[in-house]
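S.K.: turn this into a model:
(one chain, ligands or ions: 1)
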Amino acid sequence: MKKGFSMSTNTPGSGEPRSHDEPIVAVVPTTKPLAKQISRRKVFALAGAGTLVLVVGGGVWRATDQGVFSTGQGPAYTPWSDWRSATHGSLNLVRAAILAANAHNTQPWVFHVTTTRIDVFADLSRRIGLADPFLSEMYIGLGCALENIALAAPANGYTPQIRLLPDVTDATFVARIDLLPTVTQASALYQAIPHRHTNRYPYDTNHPIAQATLDASLDQQNGYFLQGLESQVQTAGALGLVAVRGKRDNVQRMSVGQLWQRMHLWATTQGLSLHPLNQITEMADREVVLGSSPHFSDALRALVTDPAWQGVFSFRAGYTTHEAFPSPRRALSDVVTS
Ligand SMILES: Cc1cc2nc3c(=O)[nH]c(=O)nc-3n(C[C@H](O)[C@H](O)[C@H](O)COP(=O)(O)O)c2cc1C
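M.R.: Predicted coordinates for the structure are as follows:
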C-alpha cells in the first residue's frame, strides 16, 4: 500500500500527457491507514464556524423567511423543483447553474443574462474570510455552476461557447458564455441536476464501491482520472483528492469545480453519494495567512506523492442509508441582472 495518492501524468486510456490546466482525482478506500491521516475531529471542528460566517454575513437574506431551517420547504427550496421552466431560453441555464455545489452554500455568483449570452461574475461580498482566504473554494464553486450551464445548454437548444476569465483586468468576470442555436439534447448528467445533493450521512460500511464503478467513472469524467489505489475497494467509503498543478490559478480552480460537478452528477446517476471534506485545504490556507505552523499544509503535501501536484479538494464517497435533503438557494431574482 502506497502512502498518499498516486497522481498519473497521463490521461487514462490514451496514454497522452495531461494538459497543464487539467486537474486529476485519486481515491483510496477509507479503512486503509491513509484515512487515519485526516482526523475526523479536526475536519469537522470548522464546520460550525463556516456556517456562522455565512449567517452573519447574510444579514438581509432572512434565513427563517426563506424556510431554510425547515426541511426542504419554503421559497428557498423551490429552485430545485421549478429549475426546468416551461419558458425556454437562456434563463433556464441559470436556473440550472444556481443548483450547483458551492462551498458553505455561499452561492457566490451573479449572472448577466441576454437571449444569446450569459456573463458570470464572482460576488466578492459573499466571500467567507479566513475559511477561504485565497478564494480557492469560491472559484471551485463558480466552476461547478459553469458545468451546470454547459450541461443545461444543449438541453435547452444551445451550444455553449465558454471563455474563462475573458477580461484579464477583472478577476470577478469569471466567464462569458455565448449561446449558439443547436438541436435540443438532454444528457443523463443534465437530468441528474435536481437530484444531486451533498450527502453528509454515514455511509453503508457493508456496501463497498465496486472496482467496475471506479473503472466506469473513467469514461464518465471526460478524460478525468478516478483511480482506485487498491485492486478492489473493500469498504463502503473511499476518500478522494483532486489535485492541480497551480492551486492559485483561477482557471485551474474552475476546472476542479467543473470536474467535481460532473463527478457528483455522475455519482448521482449511479446511486453513489459524495461529500466534500475540504477542511484540510481550508486549514492549510489559513495557516499561510496566520503564519502558524504548517500542520495541515504538511499533511496535505504528504497525501500527494508527486510534488508537481497540489491537493485542492478532498471528499468521501459511498453508499448511504439516508437520502440527503436539498439545500436552500437564493432566488433567481437575487442573482440575475440584465
Ligand atoms: C469547494 C467546495 C468545498 C466544500 N467543502 C465542504 C466541506 O468541507 N464540508 C461539507 O460538509 N461540505 C462541503 N462542500 C459542500 C457544500 O457545502 C455544498 O455544495 C453546499 O452546501 C450546497 O449543497 P448541495 O451540494 O447539496 O447543493 C463543499 C463544496 C465545494 C464546492
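S.K.: R286 falls within a helix, correct?
M.R.: Yes. Inclusion of R286 in a helix is indicated when DSSP: H, G, I helix; E, B strand; the rest coil is applied.
S.K.: spit out the contact partners of it.
M.R.: Under the criterion of C-beta atoms under 8 Å, 6 or more residues apart in numbering, the neighbours of R286 are 130-131, 133, 292, 296. For the C-beta atoms, the positions are set from N, CA and C on the backbone; glycine is no exception.
S.K.: how does it look with 6 Å?
M.R.: Residues touching R286, when contacts are defined by C-beta atoms under 6 Å, 6 or more residues apart in numbering, comprise L130.
S.K.: state the pLDDT value of it.
M.R.: The predicted structure scores R286 at 95 on the pLDDT scale.
S.K.: quick check: it vs N278, distance?
M.R.: Per C-beta to C-beta, to the nearest Å, R286 is found 12 Å from N278.
S.K.: would you mind writing the CA trace of stretch 322-335 as PDB?
M.R.: What follows is stretch 322-335 as a C-alpha-only set of coordinates in PDB (Å, rounded to 0.1, in the frame of the first residue of the first chain):
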ATOM      1  CA  HIS A 322     -30.400   8.000   4.100                       C
ATOM      2  CA  GLU A 323     -31.300  10.300   1.300                       C
ATOM      3  CA  ALA A 324     -29.800  13.800   1.600                       C
ATOM      4  CA  PHE A 325     -32.000  16.900   1.800                       C
ATOM      5  CA  PRO A 326     -31.700  19.600  -0.800                       C
ATOM      6  CA  SER A 327     -30.000  22.800   0.400                       C
ATOM      7  CA  PRO A 328     -31.600  26.200   0.200                       C
ATOM      8  CA  ARG A 329     -31.000  28.500  -2.700                       C
ATOM      9  CA  ARG A 330     -31.100  32.300  -3.300                       C
ATOM     10  CA  ALA A 331     -33.900  33.400  -5.600                       C
ATOM     11  CA  LEU A 332     -33.100  33.800  -9.300                       C
ATOM     12  CA  SER A 333     -34.100  37.500  -9.000                       C
ATOM     13  CA  ASP A 334     -31.200  38.000  -6.500                       C
ATOM     14  CA  VAL A 335     -28.500  36.700  -8.700                       C
END
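S.K.: what sits closest to G318 if chain neighbours are left out?
M.R.: What sits nearest to G318 in space, not counting adjacent residues and going by C-beta to C-beta, 6 or more residues apart in numbering, is Y203, at 2.9 Å.
S.K.: show me the beta-bridge partners of that neighbour.
M.R.: T320 (DSSP bridges).
S.K.: quick check: it touching A317?
M.R.: No. Assessed by C-beta atoms under 6 Å, Y203 is found out of contact with A317, at 7.9 Å.
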